[in-house]
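K.L.:
just coords:
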Ligand SMILES: CSC[C@H]1O[C@H](OP(=O)(O)O)[C@H](O)[C@@H]1O
């Protein structure tokens, strides 16, 4: 059965509630920007590309289901205000702010046309928001193929294994995924020996979401704890032919420093120590040339209870009772908790940034020049029909 993290048609938006996966597949209605803000804040939908798309479409269904002004300028002002509110839901992933900025320009342009009216501005917005769903999947398929080809070439061909962190698949995007898209393309190309995914505490994007996608796609894979990656590379790296650690991104700064799920930085250090390539896979909507370096990236801190409690169906030792979902404490009462949702990996630890227009490597100066990627024409690649939910 095909699973979609985001279900949209004009007037209707549903999101797969990712707090209930992998055991329960429930869709939540998103009726407008308020619903969208809370769905993103609560992390019922998550993933840098996905939160941008859900935010944009939440406002689209609000416009489609409610009477708007006939005056172009009034609809433009309404849209801009709602977009700026949606951007406040989560600060680190740049995709949300990037999309809002682009959509603001589109509606400002639509409103400036002499014969424009409220309907025209609203249509221009909704068409652009819907386009994001389509563009994201084709970008991810291109990322997958560029990344798979790069890894296979650097490994000298043959079958390779990779490690990935968090969830960067169809559940974090409009489909196929970024870093998990690279895994899907390696598998589709017959070049994947094994994929190792980390559980990614405390939200467990890896054990709950990435493992779910890998099992769904029948990709040979193994779940490891976040702390096991260095032991994996030391004890099984050669036998498993681990060629790379591939992760997603929430914001790539102009110098290549990358904010990604907490635990990414230590994986980059592990990769460097073991001579394994460390790759960031991200569409260009994640690259933020206006942020000079990782030091300038705001890191979201989430509630401590997301670390000190876990939730899941009751297990009687044999079966899961999906009707009995329990929340249990796993930490001492009274302990202080620090729960940053992301960390920053310095560019010096990153071997390549995989985008939809190709893999950006450092120049002879040892630095990334991301402007070339941002200016490149997106040729895409033949859609990869294997994998994806
Ligand atoms: C292609 S998703 C990119 C990025 O988003 C995830 O964060 P979250 O699950 O908190 O939304 C994670 O950092 C992924 O690597």
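P.N.:
Nice, thanks for sending it over. Here the structure is a predicted model, which is why all the values come from computation and not from measurement.
K.L.:
hey, let's count contacts and neighbours off CA atoms from now on
P.N.:
OK.
K.L.:
how about the closest residue to residue 181 other than its chain neighbours, secondary structure?
P.N.:
Using Cα to Cα, 6 or more residues apart in numbering and skipping residues adjacent in sequence, the residue nearest residue 181 is residue 144, 4.5 Å away. Following DSSP: H, G, I helix; E, B strand; the rest coil, residue 144 is assigned to helix.
K.L.:
tally of neighbours for residue 144?
P.N.:
Per other Cα atoms under 10 Å, the neighbour tally for residue 144 reads 31.
K.L.:
now do the contacts for it.
P.N.:
Residues counted as contacts of residue 144 (Cα atoms under 8 Å, 6 or more residues apart in numbering) are 177-186.
K.L.:
7 Å instead, please
P.N.:
178, 181-182, 184-185 (Cα atoms under 7 Å, 6 or more residues apart in numbering).
K.L.:
again, but for residue 280
P.N.:
For residue 280, the contact set (Cα under 7 Å, 6+ apart) comprises 246-249, 352-354.
K.L.:
kindly identify which of the contacts of residue 144 also come near the ligand.
P.N.:
residue 178 (Cα under 6 Å from any ligand atom).
K.L.:
reformat the contacts of residue 144 into CSV and put secondary structure and neighbour count next to each item.
P.N.:
Formatted as CSV, those follow (DSSP: H, G, I helix; E, B strand; the rest coil; neighbours: other Cα atoms under 10 Å):
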residue, secondary structure, neighbour count
178, coil, 36
181, helix, 29
182, helix, 32
184, helix, 29
185, helix, 27
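K.L.:
got the contact list for stretch 367-379?
P.N.:
By Cα under 7 Å, 6+ apart, stretch 367-379 touches 254-256, 284, 356-357, 361-362.
K.L.:
same question for it, mean pLDDT?
P.N.:
Across stretch 367-379, the average pLDDT comes to 89.
K.L.:
what's the local residue count around the residue of the stretch 1-150 of the chain found nearest the ligand?
P.N.:
The ligand sits closest to residue 47 of the stretch 1-150 of the chain, with a gap of 3.5 Å, by Cα to the nearest ligand atom. For residue 47, the neighbour count with other Cα under 10 Å is 27.
K.L.:
for residue 264, see how far away it is.
P.N.:
Counting by Cα to Cα, to the nearest Å, the gap from residue 47 to residue 264 is 15 Å.
K.L.:
same check, this time on residue 67
P.N.:
Using Cα to Cα, one gets 45 Å for the distance from residue 67 to residue 264.
K.L.:
please report phi then psi for the closest residue to residue 27 other than its chain neighbours.
P.N.:
Of all residues not flanking residue 27 in the chain, residue 16 sits nearest, at 4.4 Å (Cα to Cα, 6+ apart). Phi and psi for residue 16, reported as degrees, to the nearest 10, are phi -70, psi 120.
K.L.:
and for residue 161?
P.N.:
When read as degrees, to the nearest 10, the backbone of residue 161 gives phi -110, psi 150.
K.L.:
contacting residues for it?
P.N.:
With contact set as Cα under 7 Å, 6+ apart, residue 161 has these partners: 192-195, 240-243.
K.L.:
same thing but at 6 Å, please
P.N.:
192-195, 241-243 (Cα atoms under 6 Å, 6 or more residues apart in numbering).
K.L.:
for those residues, pick the one with the most neighbours.
P.N.:
Going by other Cα under 10 Å, residue 195 tops the contacts of residue 161 with 25 neighbours.
K.L.:
what about that residue, which helix or strand?
P.N.:
Using DSSP states H and E, residue 195 sits in strand 192-198.
K.L.:
contacting residues around that strand?
P.N.:
By Cα under 6 Å, 6+ apart, strand 192-198 touches 159-165, 186, 206, 220-226.
K.L.:
what's the closest of those residues to residue 139?
P.N.:
Comparing the contacts of strand 192-198 against residue 139 with Cα to Cα picks out residue 186 as the nearest, at 16.3 Å.
K.L.:
you'd agree the closest one is up against residue 148?
P.N.:
Yes - Residue 186 lies in contact with residue 148 (Cα atoms under 6 Å); the separation is 5.1 Å.
K.L.:
if we can go back for a sec, gap between the strand holding residue 195 and the chain center?
P.N.:
A distance of 18 Å separates the centroid of the chain from that of strand 192-198, by Cα atoms, centre = their mean, to the nearest Å.
K.L.:
same question for stretch 246-258.
P.N.:
The answer for stretch 246-258 is 12 Å, by Cα atoms, centre = their mean.
K.L.:
with that, I have no additional questions.
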